[in-house]
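S.K.: Next comes the sequence, and after it the predicted model I'd like to discuss.
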Amino acid sequence: MEKYIRVPLQDEEIKVLEAGDYVYISGTVYTARDAAHKRMYEAMNENENIPLNLEHNVIYYMGPSPAREGHPIGSAGPTTSSRMDKYAPLFMDHGLKGMIGKGKRSKEVVDAIVRNGAVYFAAVGGAGAILSKTIKKAEVIAYDDLGTEAIRKLEVENLPAIVVIDSKGNNLYETAVKAYRKIK
């Protein structure tokens, strides 16, 4: 089923999303990858402020290529989500409601998704140039020294993604395998 959603995400909106739904995301999304996650995680463990409010927000695991002239961002494809698995549960416990990336997630992340009523979306890997067309504005808001891994605030319009893990813990990577497995 196709759904159009706005971010920041609201609990009522998340509850109706189901693993396998095609979604088009519009609104404000933040980017962060390994190095930015590590810095925020360490700051949170030291009871220090982090550069963004996680409450109801979505983090896109992406490090863009440089923007071409006249464009807000370069290629903007997802990176492998499992690299952020050690940080994601704490972030969700502090209000993060959505993550966009690619690939499987750990049991700890799935448990945190269910516990916090969050959702995990997959964007199509290898389609960064196409995905960048949905980004209308991009600005670095923190950790500029990290280059492509700096935290960016993006304004997106109809960013295509698939609900992989819904708030009930249904996991498309597991159900799809079962659905298409040949019976012997």
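M.R.: Nice, thanks for sending it over. Numbering: from 1, shown residues only.

S.K.: From the rest of the structure, what touches stretch 121-140?
M.R.: 23, 25, 58, 60, 64-65, 67, 71-78, 98-103, 150-164, 172 (Cβ atoms under 8 Å, 6 or more residues apart in numbering). Every residue, glycine included, has its C-beta placed from N, CA and C.

S.K.: mind running it again at 6 Å?
M.R.: 72-73, 75-78, 100, 102, 150, 152-159, 161-162, 164 (Cβ atoms under 6 Å, 6 or more residues apart in numbering).

S.K.: do the same with stretch 92-99
M.R.: For stretch 92-99, contacts defined as Cβ under 6 Å, 6+ apart pick out 9, 54-56, 58-59, 112, 116, 118-120.

S.K.: Need the buried ones from those selected in PyMOL.
M.R.: Buried residues among these (16 or more other Cβ atoms under 10 Å), as a PyMOL selection:
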select buried, resi 9+54+56+58+59+112+116+118+119+120
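
S.K.: among the contacts of stretch 121-140, which ones are buried?
M.R.: 72-73, 75-78, 100, 102, 150, 152-154, 156, 159, 161-162, 164.

S.K.: now, which of these lie within helices?
M.R.: Among the buried ones among the contacts of stretch 121-140, none falls in helices (DSSP state H).

S.K.: and residue 59, backbone torsions?
M.R.: phi -110, psi 130 (degrees, to the nearest 10).

S.K.: sorry, that was for residue 81
M.R.: phi -70, psi -30.

S.K.: Not counting sequence-adjacent ones, nearest residue to it?
M.R.: With sequence-adjacent residues excluded and distances taken as Cβ to Cβ, 6 or more residues apart in numbering, residue 81 is closest to residue 101, at 3.3 Å.

S.K.: How about residue 41?
M.R.: Closest to residue 41 by Cβ to Cβ, 6+ apart is residue 87, at 4.6 Å.

S.K.: Hmm, the one you found is touching residue 39, no?
M.R.: No - applying Cβ atoms under 6 Å, one finds residue 87 not in contact with residue 39, separated by 10.0 Å.

S.K.: These two: which is more packed in?
M.R.: Neighbour tally, residue 87 and residue 39, criterion other Cβ atoms under 10 Å: the higher count belongs to residue 87, 21 against 18.
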